[in-house]
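*Asks:* Sequence and predicted structure below; questions after.
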Amino acid sequence: MKTKHLLCTSAAALFALSLPLIGGTFAQDRDRDRDRDHPRFEDHDRQVARGWYNEHHDRLPGGLRDRDRLPPELESRLQVGVVLDHDLRHRVRPVPAELLERLPPCPPHYRYVIIGGHICLIDEGYHVFDVIHFELNL
């Protein structure tokens, strides 16, 4: 009887000690699921976009030129997590094909767009999931 009690107690203690490890694994899985559910640019994507921007700085397409920059009141409204309002939707431009070839394909129901000097990842409902900001070149 003592042996059976000792085995049960040991098993319970071992289980209790392993819970933080199991919980950490579940938390990591949730983080991966959240990343998959909320796509964003990777560091490599940002480097590719900045490299393309620097290569084409003298002949940038509409939407990326200095004169296409957003005024401060619109710039402050272009943030991850917001839904683009009418003023920002009006400024959406397609990303040049040459840059699209360098970026990974968008997940279904998402697209890359240019808005006022920035490359954005948005969904069909105009929710902003990520933004690549380019510095002003004055």
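*Replies:* Structure received.
*Asks:* Give me the distance between the residue positioned nearest the centre of the chain and Pro72.
*Replies:* For the chain, the residue nearest the mean C-alpha position is Arg40 (1.6 Å; CA atoms, centre = their mean). The gap separating Arg40 from Pro72 is 25 Å, by CB to CB, to the nearest Å. Placement of C-beta: from N, CA and C, glycine included.
*Asks:* related to what we said a few turns ago, list the contacts for the residue nearest to the centre of the chain?
*Replies:* Val80, Leu121, Phe129, Asp130 (CB atoms under 8 Å, 6 or more residues apart in numbering).
*Asks:* mind giving me a markdown table with those residues and columns for pLDDT, neighbour count and secondary structure?
*Replies:* Formatted as a markdown table, those follow (pLDDT from 0 to 100; neighbours: other CB atoms under 10 Å; DSSP: H, G, I helix; E, B strand; the rest coil):
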| residue | pLDDT | neighbour count | secondary structure |
| --- | --- | --- | --- |
| Val80 | 96 | 13 | coil |
| Leu121 | 98 | 23 | strand |
| Phe129 | 97 | 18 | strand |
| Asp130 | 97 | 19 | strand |
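*Asks:* Which member of those residues is positioned nearest His56?
*Replies:* Closest approach between these and His56, by CB to CB: Leu121, at 19.9 Å.
*Asks:* Contact partners for the closest residue to His38 other than its chain neighbours?
*Replies:* Setting aside the residues directly before and after it, His38 is nearest to Phe129 in space (CB to CB, 6 or more residues apart in numbering), at 6.0 Å. By CB under 8 Å, 6+ apart, the contact set of Phe129 is His38, Pro39, Arg40, Val80, Tyr110, Leu121, Ile122, Asp123.
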